[in-house]
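# Pasting the sequence and the predicted coordinates here, then a few questions.
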Amino acid sequence: MCSSTKPFWVNSLFTSVVWSPSPPAVTIPGLPGGCYLKSPGHSLYLARLPSILVVTECCFSTFTQDQAQSPCLTKACFTVASKIVEGLDRSADPCQDFYQYACGGWVRKNPLPDGRSGWSTFNSVRDQNQAVLKHLLENVTFNSSSAAERKTQFYYLSCLNEQHIEELGATPLIDLITKTGGWSITGPWEKDNFMEVLKTVSGPYRAQPFFTVRVRVDPKNSNSNVIQVGQSGLFLPPRDYDGNTANEKVSKAYLDYMVELGLLLGGDKNSTQSQMQQILDFETTLANITISQDKCCEKIYHKITIAELQLLAPAVDWLDYLSLVLSPLDLNDTEPVVLYAKEFLQQVSDLINKTDRSLLNNYMIWNLVQKGASSLDQRFESAQDKLLESLYGTKKPRTPRWQTCIGNTDDTLGFALGALFVKATFDKHSKKIVSLIGGMINEIRTAFKDALDHIKWMDKQTRMAAKDKADTIYNMIGFPDFILDPKELDDVYDGVKDNFFQNTLNFYNFSARVMADHLRKPPSSDQWSMTPLTVNAYYMPNKNRIVFPAGILQAPFYAQHHPKALNFGGIGVVMGHELIHAFGVQGREYDKDGNLRPWWQNSSVDAFKNRTECMVEQYNGTHINGKQTLEENIADNGGLKAAYNAYQSWVQENGEEKRLPAVNLTNDQLFFVGFAQVWCSVRTPESAHQGLMTDLHSPPKYRVIGTLSNSPAFAEHFQCPTGSPMNTGHRCTVW
């Protein structure tokens, strides 16, 4: 009798396997995977993976006696084992560079696709989601009882109709400029209509020169919406305007792009060059007065009336402006407004007053041109391609048109498109998936709360309040319910025609009306900021909710039949990450009801800040801006810990899982490998540089090694000696 299974693996090109020490060679005539009788009570399990052939000797009579030591022999386990093995670089030492160990194989097998500035597991899943929708939208028999769903096809096909777009050329945007009052770069303009142009470009067409206007939940009163005004007006990130040598290439490419668009719209070369330089100089001035947003949140919140805003920033007729932007609402000068950049608004008002009206007009129309250019013919797209190559290092050929059009459709009709996606991929099993995902979130929430009892720097009163907040976090999983109700969905969307450019303008108009409609209503309990096919997740501090769209609820993040170690290492860490945001630098300032107010004791606030300084310095030491990325680094580290502890609790309750075949990892090790392989990626040097300058997240490599180097459990399971790069002996922990 055999007492355990014995896996062997050989290159799949071989046609025979030699067992050692044992019987003579066994010839394998291309049989499919399955168990084949070898002798009474024994069998061979054959399974061909993409890169290996797994041959396992097993004994049916004793097979289930020791599950923890036996491999998982399901199809799902073989498939995911193959993916794991292909991603690994076994030549790398996991204690020296775990990212290389977990992702080295993936990087070798995934050269950067043409036209992409980066490629990752996230991109792969997004492409899969888009391919599903391409098939649906290009189906000639497409039919739906929902008018909104039918509009997604109309919009998509209008985007795909490049012949019609080429025939129209620049005419749609030229006509729009003329309608708005003209542009001195391309012809005559109305010299005394500053307010009219400002209202038009930032109202119906949603361009945002100078500042943003939004209607959102009032941070200090989560039961009501309020007008919020913030800073805006830059095409490039603020740092790219600073004129140093490193950014000269970017600013020159941007100027070249501006000039090229001006010429395509009918401008004279010499005049366009000089006027676009003036616009760039004006944007540089704006960049210099733009305020860093790393302060939060109580410190920069200012609630005043429109009348007080008028005194603060008198260059704009605010009642007139806001009444147009939020038309048809009836506003008066006592209407409350929340500001997040008070000093910026004061300075931008002064800047408007002292700037020549022709330059202000040029700048505002340039904002409108940027909004419209992406919906025009190939010449405009080629101009943008050249800019993106300078910014992100992307090389031609460009992204296939169908993918661009799926993205545009998601931007404009995202929840109608999401309804199609959900019905095709998610709906049949939605209740079960929602239940399983909800269960995992609760397990991770419990693990986080249990860990709070061992946090010595937090006082008892704040700890109890933190547990209460964690219990109150509401889960939003998959998609909002309204998208599966044709009547509700149809009520949301209106105004789609055959002209792609006009469709885009109609959407801007539509989104402006929706925004205005929210002001006099209480915050919606079913309002999502991401569409269902988005491969991402987020936390809403002003509602104390975590959101997981359907798009991310698939491999490698989650699969129902994958080992729990991988699910907890994948979507589980994402869950933990979003939960920890409720207790991060910004999230912790909101109470359990989503209101911005102090609810921590001062001693715990001071202790929290001291611990975050350790993390800032740690990531600074890897050439990352530790302050800029602090919020996300806290979430990465705390999320991994909560997910790992939740997995340990699951094992204690359910017993050890079977191991994956051929991977040669314990399930604890598999958890960390699964986490790391979510972040496997390749990027151009230019894209990596832009990420360091602007991204609030650390680069993918450091999301892995930074987080794991702070994990005692990781060091234990990979036996990393103290002093090794992945176990330096100096750990930073907040949660």
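The structure has been received and is ready for your questions. Numbering: from 1, shown residues only.
# Who's the closest spatial neighbour of I227, skipping the chain neighbours?
Among residues not flanking I227 along the chain, V337 sits closest, at 4.7 Å (Cβ to Cβ, 6 or more residues apart in numbering). To be clear about C-beta, it is placed using only N, CA and C from the backbone, and glycine gets the same treatment.
# How much space separates that neighbour from L326?
11 Å (Cβ to Cβ, to the nearest Å).
# Check Y647 too.
48 Å.
# More neighbours: which of these two?
Neighbours per residue (other Cβ atoms under 10 Å) separate Y647 from L326, with Y647 holding more: 27 against 23.
# right, and the more buried one touches P563 too?
No - using Cβ atoms under 8 Å, Y647 is not in contact with P563, being 10.1 Å away.
# buried set for stretch 524-538?
Within stretch 524-538, the residues that count as buried by 16 or more other Cβ atoms under 10 Å are W528, M530, T531, P532, L533, T534, V535, A537, Y538.
# what distance separates it from the centre of its chain?
11 Å (Cα atoms, centre = their mean, to the nearest Å).
# and if you look at stretch 480-488?
Relative to its chain's centre, stretch 480-488 lies at 24 Å (Cα atoms, centre = their mean).
# how long is that stretch from one end to the other?
Start and end residues of stretch 480-488 are separated by 11 Å (Cα to Cα, to the nearest Å).
# Pull the residues that contact that stretch.
144-149, 415-416, 418-419, 422-423, 427, 489, 492, 526-528, 532 (Cβ atoms under 8 Å, 6 or more residues apart in numbering).
# can you do 10 Å?
By Cβ atoms under 10 Å, 6 or more residues apart in numbering, the residues outside stretch 480-488 that reach it are 144-149, 414-423, 427, 430, 489, 491-492, 524-528, 531-532, 547, 549.
# What is the longest strand of the chain by residue count?
Secondary structure of the chain per DSSP state E: the longest strand is strand 221-231.
# Give the buried residues for that one.
Here strand 221-231 shows N221, S222, N225, V226, I227, Q228, V229, G230, Q231 as buried, counting by 16+ other Cβ under 10 Å.
# helices and strands of this structure: which one bottoms out on pLDDT?
Using mean pLDDT, DSSP states H and E, the weakest-scoring helix or strand in the chain turns out to be strand 16-17, at a mean of 30.
# Can you give me the pLDDT of the nearest residue to V547 once chain neighbours are set aside?
In this structure, V547 finds its nearest non-sequential neighbour in M476, 4.4 Å apart by Cβ to Cβ, 6+ apart. pLDDT for M476: 93.
# what residues are up against M476?
Contacts of M476 (Cβ under 10 Å, 6+ apart): 434, 525-528, 530, 537-538, 540, 543, 545-549.
# Show the contacting residues for the residue nearest the centre of the chain.
By Cα atoms, centre = their mean, the mean C-alpha position of the chain lies nearest to N536, the distance being 4.6 Å. Neighbouring residues of N536 by Cβ under 10 Å, 6+ apart: F122, R126, M530, V547, F548, P549, G551, I552, V574.
# Could you check how many residues crowd around the fourth one?
Spelled out, that is V547. 21.
# for the last one, same thing?
For V574, the tally of surrounding residues (other Cβ under 10 Å) stands at 23.
# In which helix or strand does it reside?
helix 573-581 (DSSP states H and E).
# try the fourth one
V547 belongs to strand 545-549 when assigned by DSSP H and E.
# what do you get for E617?
Per DSSP H and E: E617 is located in helix 602-620.
# Over to the residue nearest to I227. Which of the three states is it?
strand (DSSP: H, G, I helix; E, B strand; the rest coil).
# State the distance from it to N225.
From V337 to N225 the distance is 12 Å (Cβ to Cβ).
# about what we covered before: which residues do V337 and L326 both contact?
In contact with both V337 and L326: V213, I227, using Cβ under 10 Å, 6+ apart.
# So which residues of the stretch 201-350 of the chain form helices?
245-264, 269-289, 306-312, 318-325, 342-354 (DSSP state H, counting those that start in this stretch).
# now swap in the stretch 501-650 of the chain and tell me
Remark: helices assigned in the stretch 501-650 of the chain by DSSP H, counting those that start in this stretch are 564-567, 573-581, 602-620, 630-654.
# average pLDDT for the second one?
Averaging the model's pLDDT scores along helix 573-581 yields 97.
# Likewise for the longest one?
If you average the pLDDT over helix 630-654, you get 97.
# Can you give me the buried ones in it?
630-647, 650-651.
# re earlier: just checking, the residue nearest to I227 touches V213?
Yes - look at V337 against V213 with Cβ atoms under 10 Å: they come within range, at 9.0 Å.
# I'd like to check which residues are in contact with W528.
Counted by Cβ under 10 Å, 6+ apart, W528 has contacts 414-415, 418, 476, 479-480, 482-483, 534, 538, 540, 545, 547, 549.
# try 8 Å
If you count contacts by Cβ under 8 Å, 6+ apart, then W528 has F415, M476, F479, P480, V547, P549 around it.
# Adding mean pLDDT, write the helices of the stretch 201-350 of the chain out as a markdown table.
Shown next, in a markdown table, are these (pLDDT from 0 to 100):
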| stretch | mean pLDDT |
| --- | --- |
| helix 245-264 | 88 |
| helix 269-289 | 94 |
| helix 306-312 | 97 |
| helix 318-325 | 94 |
| helix 342-354 | 94 |
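# which stretch among those comes nearest D377?
helix 245-264 (8.8 Å; Cβ to Cβ).
# Between helix 269-289 and that closest one, find me the angle.
In terms of direction (axes from the mean of the first three to the mean of the last three Cα atoms, to 10 degrees), helix 245-264 departs from helix 269-289 by 140 degrees.
# For stretch 387-400, which residues meet the burial criterion?
Applying 16+ other Cβ under 10 Å to stretch 387-400 flags L387, L388, E389, S390, L391, Y392, G393, T394, R398 as buried.
# what sits against the fifth one?
What it means is L391. V250, A253, E686, Q690.
# can you count the residues close to the first one?
Yep, that's V250 we're talking about. Residues near V250, counting by other Cβ under 10 Å: 21.
# Skipping its backbone neighbours, what lies nearest it in space?
D240 (4.8 Å).
# I'd like to know how many residues surround K467.
K467, neighbours per other Cβ under 10 Å, totals 17.
# how much space is there between it and M458?
11 Å.
# Which neighbours do those two have in common?
L452.
# Bridging across strands, which residues link to the closest residue to K342 other than its chain neighbours?
Once flanking residues are discounted, K342 sits nearest to H302: 5.0 Å by Cβ to Cβ, 6+ apart. On the basis of DSSP bridges, H302 is bridged to L339.
# I'd assumed A341 was in contact with H302.
No - using Cβ under 8 Å, H302 makes no contact with A341, being 9.0 Å away.
# So those two - more neighbours on which side?
A341 (21 against 16).
# and the more buried one, what does it touch?
Counting by Cβ under 8 Å, 6+ apart, A341 has contacts F211, G230, Q231, T290, I291, I300.
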